[in-house]
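prediction below, plus the sequence it came from.
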Number of protein chains: 2
Amino acid sequence: MFLEIRHLRSLLAIDEATNLARAAEQVHLTQSALSHQIKALEAYYGAPLFLRNTKPLRLTLAGQKLLELARRVLPEIAGVEKELLRLAKGETGRLHIAIECHACFEWLMPVLDAFRRRWPEVEVDIRVGVSFDPIPALQKGDIDLVISSDPLELNDVVFEPLFEYEARLVTARAHPLAEKSYIEPGDLAGEILITYPVQRQRLDVFTRFLQPAGVEPLAVRQSELTAVILLLVASQRGVAVLPDWVLNETIQKGGLATRPLTAQGMKGLLYAALRRPEHDVLYLREFIELARDRDLPEI
Amino acid sequence: MFLEIRHLRSLLAIDEATNLARAAEQVHLTQSALSHQIKALEAYYGAPLFLRNTKPLRLTLAGQKLLELARRVLPEIAGVEKELLRLAKGETGRLHIAIECHACFEWLMPVLDAFRRRWPEVEVDIRVGVSFDPIPALQKGDIDLVISSDPLELNDVVFEPLFEYEARLVTARAHPLAEKSYIEPGDLAGEILITYPVQRQRLDVFTRFLQPAGVEPLAVRQSELTAVILLLVASQRGVAVLPDWVLNETIQKGGLATRPLTAQGMKGLLYAALRRPEHDVLYLREFIELARDRDLPEI
DNA sequence: TAATTATCATGAGATTCATTCATTATGTTT
DNA sequence: AAACATAATGAATGAATCTCATGATAATTA
């Protein structure tokens, strides 16, 4: 209930210096202070730590035990302290990202690759937001960044805009809807719609396009993987609605066509949500920059 | 240069209690003190340790690092502190014994066996005093107890009397000197004397018996082991002078005889030398008791 | 939404505690 | 034995740390 790290440091210094005065210098104290310190320790433990009748001050068994402790413990402490200072300077840290949209993998992976090269010491992880609400998790410190398309007004969380996207219908090039210059909700009434396996409230097609118009597609099929969805669409098993960043890359290859939803196109804005106090953490800022300037594949 | 063990204890308590007030109780402080403490730590590292906008106080990454440190380090410290308190109470310790006389092995071994059963935690060792001066080594803390037959007046060392012994001449039972009721120095002038392999100044036969009378034996042979010396004597290769504790046991068996040196017998007193401050250490006192009451083999 | 409760933060004053300065005591060396 | 080096001591200072009282904030309940 009394031993402190400073005592261990003193002990180590005394052992190295074999002389109170020099040891005192090393720990930025006076010889007197050290003498008082070890006297207090000895009183506390009820046992001498040094043999007093010899001049090159020698440790007793008890003193040796404490010294061993110091040798084991002090380097460990020093290591953690160094790490904490780096943490404070923002040179290292944790970046656990929650994404609400499956499709975000498509652009997030390359961005994270670039990020990792730049900040190798930051511990990176992605959690797909299925079973938990990401914003409360962010507030509670379980995760550090949320990719979201609907910003909220919160006083402990900031939403940084990343980039605009457009959700477009994807069909086979031979599909009749590929003839139209833009798609209206009614166009999907007779179509099989292929989506990611999440609730409808979390899919723009339903919340912003079909449900407002009271339209229900012929059927809904689900698939986890973007590549699989595109494959199904190409082979005329259905149509899908996907953000443009997924499409730019792949439409050329497969026999696919994309068309805007509504005449104006269904646009959205993607945000990165952060805890407000970490708003200025260097590596987080850089992640946001990387996400904004992510390698845009040509159309 | 600032983190102290008390901080680690507080951190651990807070994490366990999830609540400053209860944690404060655990470390015998007020809630306020804890709050100030972590505030100071955060100021020192320039990084928050807890997320402040949540009520069940949660650790940040930095806080977690410190907590991990606490979990690793505190038990180690607790262990050493417990050991130190036992050391102070004299329940454990070190008993490194230096002996000046070879023959002492004979009674010391059984005594140490008994001692070890009684004080299993005390670290026992024996060093035969050949290359170093045992009393200075005792003063310097290299060893903890010296078996010696010539006590000194020192203010940091006490000499505890153990027991009296008598140095006697050992011969084969058929040897002419076995006829005499006691031995005079001149009797050895024509004899081969077998001794332990140490300097003459450290052998009573020379310092107290032969040299004062100016007598030199016919020859001197040496052997490390008491058993070998007795064997040589039994087979008439020479005579030896040994303390009685060695002899009592063995004379019956071999064809040996023992005779006193001089009419009065050459008696001596064996001492245990200790550092004065350790004079009252329990296990040292008990060692001395055991040495005094060592199992006396019948004559 | 307001009221209540639980919890943490803050500031000022009190206290403890570590440190320093000056000096004495002790051991070591010549 | 003297001179030197080193450690121990005591009193005074000052900084660090605590407590008390209170304010602020989040969580819970009505």
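Everything's here; your move.

now the element after the worst-scoring helix or strand of chain A on mean pLDDT, going C-ward?
Lowest mean confidence among the helices and strands of chain A (mean pLDDT, DSSP states H and E): helix A:244-250, at a mean of 77. Next helix or strand after helix A:244-250 toward the C-terminus (DSSP states H and E): strand A:256-260.

what about stretch A:42-52, distance to the chain center?
Centre-to-centre, stretch A:42-52 and its host chain are 51 Å apart (CA atoms, centre = their mean, to the nearest Å).

need the contact partners of it.
Contact with stretch A:42-52 is made by A:2-3, A:11, A:38, A:41, A:57-60, A:62-63, A:66, B:81, B:84-85, B:87-89, B:139-141, B:275, B:277, as judged by CB atoms under 8 Å, 6 or more residues apart in numbering or on different chains. In this view, the C-beta of every residue, glycine as well, is placed from N, C-alpha and C.

swap in stretch A:196-212?
Taking CB under 8 Å, 6+ apart as the rule, stretch A:196-212 contacts A:100-103, A:130, A:149, A:167, A:185, A:188, A:193, A:195, A:216-217, A:222-224, A:229, A:241, A:261-262, A:266, A:268.

can you tell me the element whichever residue of the stretch 51-200 of chain A sits closest to chain B falls in?
The nearest approach of the stretch 51-200 of chain A to chain B comes at residue A:88, 3.7 Å away (CB to the nearest CB). Here residue A:88, judged by DSSP H and E, is contained in helix A:61-89.

quick one on the thing from earlier: could you check the pLDDT of the residue of the stretch 51-200 of chain A closest to chain B?
Residue A:88 is assigned 88 on the pLDDT scale.

repeat that for residue A:197.
88.

give me the number of residues near it?
Neighbour count of residue A:197, defined by other CB atoms under 10 Å in any protein chain shown: 10.

gap between it and residue B:160?
To residue B:160, residue A:197 is 86 Å away according to CB to CB, to the nearest Å.

and residue A:153, by the same measure?
For residue A:153, the distance to residue B:160 equals 84 Å [CB to CB].

who touches stretch A:144-152?
A:93-101, A:104, A:108, A:129, A:134-135, A:137-138, A:159, A:161-162, A:204, A:268-275, A:278, A:284, A:287.

now a PyMOL select for only the buried ones of those residues.
Buried residues within these, by 16 or more other CB atoms under 10 Å in any protein chain shown, are selected in PyMOL with:
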select buried, chain A and resi 93+94+95+96+97+98+99+100+101+104+108+129+134+135+137+138+159+162+204+268+270+271+272+273+274+275+278+284+287
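
run through the residues that contact residue A:177.
Counting by CB under 8 Å, 6+ apart, residue A:177 touches A:169, A:171, A:183, A:187, A:191, A:239, A:259.

tell me what the helix or strand where the first one lies is packed against?
By that I understand residue A:169. Following DSSP H and E, one finds residue A:169 within strand A:157-172. Contacts defined by 3 or more CB pairs under 8 Å, 6 or more residues apart in numbering or on different chains; DSSP states H and E place strand A:157-172 against helix A:134-139, helix A:226-234, strand A:239-243, helix A:244-250, strand A:256-260, strand A:266-275, helix A:282-292.

is the first one in proximity to chain B?
Yes. With CB under 8 Å from any CB of the partner chain as the threshold, helix A:134-139 lies in contact with chain B, specifically through residue A:139.

who does that helix touch, helix- and strand-wise?
For helix A:134-139, the packing partners by 3+ CB pairs under 8 Å, 6+ apart are strand A:94-99, strand A:145-148, strand A:157-172, strand A:266-275.

and if you look at the last one?
Packing contacts for helix A:282-292, counted by 3+ CB pairs under 8 Å, 6+ apart, involve strand A:94-99, helix A:105-118, strand A:157-172, strand A:266-275.

get me the contact residues on chain A for DNA strand C.
A:4, A:6, A:24, A:28-30, A:32-33, A:36-37, A:40, A:52-55 (CB under 7 Å from any atom of the strand).

and with 6 Å instead?
Proximity of chain A to DNA strand C (CB under 6 Å from any atom of the strand) is limited to residues A:6, A:29, A:30, A:32, A:33, A:36, A:37, A:40, A:53, A:54, A:55.

and for the second one, the neighbour number?
Put plainly, it is residue A:29. The burial count for residue A:29: 19, using other CB under 10 Å.

repeat that for the fifth one.
Residue A:33 sits with 13 neighbouring residues when counted by other CB under 10 Å.
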